[in-house]
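J.: Would you be able to build a 3D model of this:
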Amino acid sequence: MTNFYQLTPKQQSNRLGKLAAKALEAWDIGQNAELELISHRENAVYKVETPNGKYVLRVHRWGYHSDAALRSELKWMEALSRSGIETPEIIKTIQGESFITVKVDDVPEVRQVDLFKWIDGVPISDLTERGDELTMHRSIGELMARMHNQAVEWMLPKGFTRHAWDIEGLLGDQPVWGRFWEMEHFDDEQREKLHQTRRVAKQQLQEFGQSEDRYGLIHCDFLPQNLLKDGEIVRVIDFDDCGYGWHMFDIVTSLYSYTYLPDFNSILTVFLEGYRSWRDLSDEQLEAFDFFLLLRIMTSCGWLHTRFETETSRQYSEVMAKTLVARVNAYLDDTNSK
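T.: Next comes the predicted model:
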């Protein structure tokens, strides 16, 4: 078989589509289901249309989560829904399982597959008419705060396990998303500065601490493409990256793509108003915004480096590497001046 990861994104998607079609046999959702690829960035995600309704089927990236970790992700989603924070409804298989594992000849590994009921709404990233945008960002801040509150109050079920975006998960020798300093776009001098930044940033995170007011279970992928706007309601999807981490890391993840806009301060202000209407966020934590933004860019470079087969990596690796170099230089200059 041709190396799957050397195929074009379209060729990979075609093969994963065969696996998705086979997986559907495990669910009792009616006959004549039609599959349509929605995205293939990390997982391959399909819209499933049947005479009985619409669904979303997710073929997971191989090796990212153990079965226990995936089961934990789905349990958190269910707990959020029970608390009044709507998440995609998990559709159980005929055997009552929340996901299955599937193997086909066209794909080299066994893949985890799960199915959700379709949620109405348009990803914020795709909106052409945003309406009252500041009100929307205030709602997003409220939603994130409510999720942080629920995670703090929730009694974790037995066996719950997720990765951690902690010091090791962000800056250790084996970060969750990969060794960002190994990107081909860095020269030796830049790599040395990255290692120096890792050492200094580890100390800063230790001093920042992991008390309950700033660290816990987070979504960690609160991006515009994972927020669906349905009228005035904003819902969050895609919990694939959820795990333990700092609340500020969750916040900068949500706001990163807006930091380049001239009206970013207005967006930040209303987001924080929404967040603080549900949960305390100290000024001391907020002062670390740029620091956590640096950490987020590091992890994004790790993602791009270890997912070289994706179209996203091919498009954005070089520009993200340049962005990280600029941020690292500014961080070290600021640190050395203190």
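
J.: give me the number of residues near His60?
T.: If you count neighbours by other CB atoms under 10 Å, His60 ends up with 19. Using the backbone N, CA and C atoms, a C-beta is placed for each residue, glycine as well.

J.: Once you drop chain neighbours, what's closest to it?
T.: Nearest-residue entry for His60: Gln112, 4.2 Å, with adjacent residues in sequence omitted and distances by CB to CB, 6 or more residues apart in numbering.

J.: List the contacts of the one you found.
T.: Under the criterion of CB atoms under 8 Å, 6 or more residues apart in numbering, the contact partners of Gln112 comprise Val59, His60, His65, Asp67, Leu70, Phe99, Ile100, Thr101.

J.: and whichever strand or helix holds it, which residues are buried?
T.: Secondary structure here is read from DSSP states H and E; on that basis Gln112 sits in strand 111-117. Residues Arg111, Gln112, Val113, Asp114, Leu115, Phe116 are the ones in strand 111-117 that count as buried (16 or more other CB atoms under 10 Å).

J.: And the strands in this structure?
T.: If you assign secondary structure with DSSP state E, the strands in the chain sit at 34-40, 44-50, 53-59, 100-102, 111-117, 122-123, 164-165, 215-218, 227-230, 233-236, 243-246.

J.: Can you add distance to Met298 and give those strands back as CSV?
T.: Compiled in CSV, the strands of the chain are given as follows (distance: least, CB to CB, whole Å):
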stretch, distance to Met298
strand 34-40, 24
strand 44-50, 26
strand 53-59, 27
strand 100-102, 32
strand 111-117, 27
strand 122-123, 25
strand 164-165, 11
strand 215-218, 17
strand 227-230, 23
strand 233-236, 24
strand 243-246, 13
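
J.: Quick one: closest of those strands to Gln204.
T.: strand 243-246 (11.5 Å; CB to CB).

J.: Please name the residues that touch the one residue sitting closest to the centre of the chain.
T.: Relative to the mean C-alpha position of the chain, the nearest C-alpha, by CA atoms, centre = their mean, is the one of Asp221, at 2.7 Å. Listed by CB under 8 Å, 6+ apart, the contact set of Asp221 reads Asp238, Phe239, Asp240, Asp241, Cys242, Thr253.

J.: Just the ones of the residues you listed in helices?
T.: In helices, defined here by DSSP state H, the members of the contacts of Asp221 are Thr253.

J.: out of the contacts of Asp221, who's nearest Gly121?
T.: The nearest one, if we look at the contacts of Asp221 relative to Gly121 and count by CB to CB, is Asp238, at 12.8 Å.

J.: Would you check that the closest one makes contact with Leu228?
T.: No. With contact taken as CB atoms under 8 Å, Asp238 and Leu228 are classed as non-touching, separated by 10.0 Å.

J.: the more surrounded of these two?
T.: A count of neighbours by other CB under 10 Å puts Asp238 above the other of Asp238 and Leu228, at 22 against 18.

J.: measure that one to Glu73 for me?
T.: Computed as CB to CB, to the nearest Å, the Asp238 to Glu73 distance reads 10 Å.

J.: swap in Leu261?
T.: 31 Å.

J.: Which residue of these two possesses the greater neighbour count?
T.: Set Leu261 next to Glu73 and count neighbours by other CB under 10 Å: Glu73 wins out with 22 against 10.

J.: Show me where the protein dips below the pLDDT cut-off.
T.: By pLDDT under 70, the low-scoring segments of the chain are 1-2, 129-131.

J.: domain assignment for it?
T.: The record's domain split for the chain, according to automatic domain parsing, is 4-119, 123-336.

J.: Next, the distance between the ends of the longest one.
T.: Just to be clear, that refers to domain 123-336. For domain 123-336, the first-to-last residue distance is 42 Å (CA to CA, to the nearest Å).
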